[in-house]
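# Below: sequence and its predicted model.
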Amino acid sequence: MNKPSAIPKRILIILFTTLSLSAFPLKASAEENTITFSANSMRGSTKENNEFTELKGNASIRTKSMELKADSVQLSGKEYRLIKAEGSVEGTYTDGGFTFKCNSLRHDRETEVTVLEGAVFMDDTENEVEAKAEYIEYNKKNETALIQINTEIKQKDAKCTAAFAVYRKKIRILELSGSPKIVEGANEFRAQEIVFNLDTREITLDGKVSGSVTDKKETKPEASSNTEDTEAQKTEKPQNEQTDNTKTESKI
């Protein structure tokens, strides 16, 4: 008598997810924290060394260092090493003070490198640095962001634009190249390469340097003060002259 064949694991996963997906955990490895996720639907495979899970519709996941929401999220590779998200992507580095928005994302949990593409907005809330571009690659291990295409970076009253920028979060240094420009208040700086120290506000320009600096002194209040002093002197002068005359007459 033939025994009934077992249902493949892949089919079991799909059947189970139609019942419940909310906050479902995936074990990545003994060393990594559990990956928690939720979505409207899911399909996946548990093939050895090539686990695969695809979430669609209001997808969200939480890993050891990141929270992520998107229209769709795909986890793949050994121990779900690779994460790919598309459509209205929003996320946070929970231990790095970063929030971000973009059209698509690729993240490697082993190298801790994240690539953000399409209408990227990144906010370093710790250092009050906001960056906009079409492409940002962030290496969490060395806390460095490579920012390219339509680059615009703001910090306090400084606005920086360039074709290419390197933001070194840990030491708070911004390196700009490709027609870089910094506008800080009423001052403007241009060069082939610019290095901006966000702590000391020191700006280093190299190659075809140009710009303009506006004196911050306000002359109007001083002019008003001088006018008042002049008027006071005019009023006091007759008294001084009278006093001098009195003294002169007393000597005679």
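The structure has been received and is ready for your questions.
# partners of residue 168 in the sheet?
Here residue 168 sits in beta bridges with residue 144, residue 173, going by DSSP bridges.
# my guess is it contacts residue 143, does it?
Yes. Using CB atoms under 8 Å, residue 168 is in contact with residue 143, at 7.0 Å. In this view, the C-beta of every residue, glycine as well, is placed from N, C-alpha and C.
# any idea of the mean pLDDT in stretch 133-147?
Computed over stretch 133-147, the mean pLDDT rounds to 96.
# Apologies, that question was intended for stretch 176-196.
Mean per-residue pLDDT for stretch 176-196: 96.
# send the alpha carbons of that stretch over as PDB?
Backbone C-alpha positions of stretch 176-196 (Å, rounded to 0.1, in the frame of the first residue of the first chain) are rendered in PDB as follows:
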ATOM      1  CA  LEU A 176      32.400  67.900  -1.700                       C
ATOM      2  CA  SER A 177      33.600  67.600  -5.300                       C
ATOM      3  CA  GLY A 178      32.100  68.200  -8.800                       C
ATOM      4  CA  SER A 179      31.200  71.900  -8.900                       C
ATOM      5  CA  PRO A 180      30.700  72.100  -5.100                       C
ATOM      6  CA  LYS A 181      29.200  75.200  -3.500                       C
ATOM      7  CA  ILE A 182      28.500  76.100   0.100                       C
ATOM      8  CA  VAL A 183      26.100  78.900   1.100                       C
ATOM      9  CA  GLU A 184      26.300  79.700   4.800                       C
ATOM     10  CA  GLY A 185      24.100  82.600   5.700                       C
ATOM     11  CA  ALA A 186      25.100  85.500   3.400                       C
ATOM     12  CA  ASN A 187      28.500  83.900   2.600                       C
ATOM     13  CA  GLU A 188      29.200  81.800  -0.500                       C
ATOM     14  CA  PHE A 189      32.100  79.500  -1.400                       C
ATOM     15  CA  ARG A 190      33.000  77.700  -4.600                       C
ATOM     16  CA  ALA A 191      36.000  75.500  -5.600                       C
ATOM     17  CA  GLN A 192      37.000  72.300  -7.300                       C
ATOM     18  CA  GLU A 193      37.000  70.500  -3.900                       C
ATOM     19  CA  ILE A 194      35.700  71.700  -0.600                       C
ATOM     20  CA  VAL A 195      36.100  70.200   2.900                       C
ATOM     21  CA  PHE A 196      33.700  71.300   5.600                       C
END
